[in-house]
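S.K.: Next input, structure requested:
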Amino acid sequence: MSEKFENDILEIINRTEKMARDYELAIKKGEFEKECPYPKIIKMYEDIGYKLNEHRWNEQAVIFNSQIKFYNKKLEKDKKLREIEAQKVQKKKKFEELHKIKEIDTVRAVIDSLDKEQEILNFEEKKKEKIEESEEIFNMIGIAERLAREYEQGIKRGSILRLECPYEKIIEIYKKAKKRFESIGWKEESSKLIESIWYYNEKLEKDKVLREIEEKKFIKEL
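M.R.: This is a model prediction of the structure:
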C-alpha cells in the first residue's frame, strides 16, 4: 500500500469518526434536526473497500467491511430513535388540542413523564410497547373529553332533559385509563387521573341538581 493511499485512508477515517462524534453529541442534546451522517460514512467505507479489493489488499478490506456493518447497525438504531421522537412530537401536538380544557393538565403530566423516562440512546422493545399502550389510553381520554364537550355544547343549545348525561360513562373511562396506567407501571400518571375522576363526579352531582330544577319547571308549565 502506497504512503499516499494510506494517508488518504487515514484522513477519511478521521473525518468519518468526527462526523459520527459530532452527530451523536448533537442527538444527546436533542438536536434531531441534524442530518444523520451514517449513510455517507457507509458509502465512504464502501469506496475504500472497493479500492482495497482492486489492489488485492483483501485483509485490509475485511476491516472496512466490519466498519460498514457497525455503521449499518448504528443507522438502524438511529431510524428507530427518530421514529420514537416523531411519535412523541405527534402526541404533544395531539394533546395540546386536548389541553384547552382544565382537567387535561393530567395528560400533559403524562407526556412530561414520558420525556423523563425515555433515554435517547437506550431504545428497548419494552419502551415501544409502553408507547403503544399509552397511545390507546390517550385515545380513551380523548373520547371522554369529546363526550363532555359535545354534551355541554348541547345543553347550551337546548333543554338538558332531552340529553343523556355522559358523566358516569366518562368517570368509568377515566377509571379504566387509571388501571391501564398502573398495569404498565406508570403509577404517578395513574394517581394524577384521580383529579379528573373527582372533577367529573362533581360535574355529575351538579348535573343531577340542574335536572331536578328543570323537571320542576317543566311540571309547572304543564
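S.K.: List the buried residues in the host helix or strand of E195.
M.R.: Take DSSP states H and E as the rule and E195 turns out to sit in helix 187-221. For helix 187-221, a neighbour-count test (16 or more other Cβ atoms under 10 Å) marks 189-190, 192-193, 196-197, 199-200, 203, 207 as buried. For the C-beta atoms, the positions are set from N, CA and C on the backbone; glycine is no exception.
S.K.: Equivalent analysis for stretch 142-159, please.
M.R.: For stretch 142-159, by 16+ other Cβ under 10 Å, it's 142, 144-145, 148, 151.
S.K.: ditto for stretch 64-84
M.R.: Quick answer for stretch 64-84 (16+ other Cβ under 10 Å): 64, 67-68, 71, 74-75, 78, 81, 84.
S.K.: and the residues you listed, which of them are in helices?
M.R.: Counting by DSSP state H, those place 64, 67-68, 71, 74-75, 78, 81, 84 in helices.
S.K.: one step back: other SSEs contacting the helix holding E195?
M.R.: Contacts defined by 3 or more Cβ pairs under 8 Å, 6 or more residues apart in numbering; DSSP states H and E place helix 187-221 against helix 105-117, helix 167-183.
S.K.: again, 10 Å this time
M.R.: Contact partners of helix 187-221 among helices and strands, from 3 or more Cβ pairs under 10 Å, 6 or more residues apart in numbering; DSSP states H and E: helix 105-117, helix 125-157, helix 167-183.
S.K.: Any chance of JSON lines for those helices, columns distance to E24 and mean pLDDT?
M.R.: Listed next are the helices and strands packed on helix 187-221 as JSON lines, based on distance: least, Cβ to Cβ, whole Å; pLDDT from 0 to 100:
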{"stretch": "helix 105-117", "distance to E24": "20", "mean pLDDT": "61"}
{"stretch": "helix 125-157", "distance to E24": "19", "mean pLDDT": "86"}
{"stretch": "helix 167-183", "distance to E24": "33", "mean pLDDT": "91"}
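S.K.: what's the most buried one of those?
M.R.: Compared across the helices and strands packed on helix 187-221, helix 167-183 shows the largest average neighbour count, a mean of 18 (mean count of other Cβ atoms under 10 Å).
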